[in-house]
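[1] give me the fold of what follows.
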Amino acid sequence: MTGLRFGVLLSLICSLALLAWQVLHARSFGQQRPLSRPRGKPHRGIFYSLGPGMLPWEKESAAKHLPTYLAGVLYHAGIFAAILLSLGLAVQVDIPKPLPTLFMVTMAGGFLAGTGLLLKRSLKPSLRYISCPDDFLANILVDIFLLTGLLSVSFPALVSFFLATAILTFLYVPLGKIRHCFFFFYSRVLFGSYFGRRGVLPPESRAKRRDKA
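    I've put the predicted structure just below:
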């Protein structure tokens, strides 16, 4: 068990190091220096991109597929809970009494959401057509991570399986599509900075658009 606990921490450190290197490598490609005069503030665009711009009614794709959006939120909440639980077990922290129940509920919801998203990708022809093996592998791996974490709370004998799954998940993160957990924020900052400088973000309110019309 000690080796598994150490493996969780080591795999997480390796994963974060590789992700940081990938972000720095992406930055090394450089950015073109803007030549036009700024019409807005980059920081306002970044704030909108990472804040209000993430709300479903601000994203056309999310607004039209609200159940999928909510399933994604629940899925990521479950993943976050599983990560916290794995780290807590790795460093042998005494988890306060209400938290295990909260972890169980969140991971259970995340597992159901992840399984539903996997079925949707598998059964819907349009999604299946644009999917690659990594889409399925990443989803299945994370679902197993959530399930073993959920079961380990009620069955301590399964903790070792949960920690082993955590190691596999952390090592896989920088190798597959799960690395979007890092690049998502990086890309949103670039997106918000660029369009904030252009004065496009944050968008004008509907009332102001009506007044101009």
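[2] where do the helices sit along the protein?
    Listed in chain order, the helices of the chain (DSSP state H) span 2-27, 42-50, 60-63, 66-90, 98-123, 125-130, 133-154, 159-172, 180-197, 206-212.
[3] pick out the shakiest of these, pLDDT-wise.
    Sorting the helices of the chain by mean pLDDT places helix 206-212 lowest, at a mean of 47.
[4] can you pull up the most central residue in the chain?
    residue 181 (4.2 Å; Cα atoms, centre = their mean).
[5] so who does that residue touch?
    residue 173 (Cβ atoms under 8 Å, 6 or more residues apart in numbering). For the C-beta atoms, the positions are set from N, CA and C on the backbone; glycine is no exception.
[6] about what we covered before: quick one: which of the helices of the chain is nearest residue 34?
    Among those, the nearest to residue 34 by Cβ to Cβ is helix 180-197 (6.6 Å).
[7] got the helices of the chain as CSV, with distance to residue 36 columns?
    Below are the helices of the chain laid out as CSV (distance: least, Cβ to Cβ, whole Å):
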stretch, distance to residue 36
helix 2-27, 22
helix 42-50, 13
helix 60-63, 27
helix 66-90, 34
helix 98-123, 41
helix 125-130, 35
helix 133-154, 38
helix 159-172, 42
helix 180-197, 9
helix 206-212, 22
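[8] what about those, which gets the closest to residue 35?
    Once the helices of the chain are compared by Cβ to Cβ, helix 180-197 is nearest, at 11.7 Å.
[9] chain center to the closest one, what's the gap?
    14 Å (Cα atoms, centre = their mean, to the nearest Å).
[10] likewise stretch 136-147?
    That offset, for stretch 136-147, works out to 13 Å (Cα atoms, centre = their mean).
[11] now swap in stretch 5-16 and tell me
    The answer for stretch 5-16 is 18 Å, by Cα atoms, centre = their mean.
[12] can you name the residues in contact with it?
    86-87, 89-92, 163-164, 166-167, 170-171, 173-174.
[13] can you show me the CA trace of it as CSV?
    Only the C-alpha atoms of stretch 5-16 are listed here, as CSV (Å, rounded to 0.1, in the frame of the first residue of the first chain):
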residue,chain,number,x,y,z
ARG,A,5,0.5,5.9,-2.1
PHE,A,6,4.0,7.0,-3.2
GLY,A,7,3.1,6.1,-6.8
VAL,A,8,0.0,8.4,-6.7
LEU,A,9,2.1,11.4,-5.7
LEU,A,10,4.9,10.6,-8.1
SER,A,11,2.5,10.1,-11.0
LEU,A,12,0.8,13.3,-10.3
ILE,A,13,4.1,15.2,-10.1
CYS,A,14,5.2,13.6,-13.4
SER,A,15,1.8,14.5,-15.0
LEU,A,16,2.0,18.1,-13.9
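[14] list the buried residues in that stretch.
    5, 7, 8, 11, 12, 15 (16 or more other Cβ atoms under 10 Å).
[15] what residues does residue 132 make contact with?
    Residue 132 touches nothing, counting by Cβ under 8 Å, 6+ apart.
[16] with residue 175 instead?
    Residue 175 neighbours (Cβ under 8 Å, 6+ apart): none.
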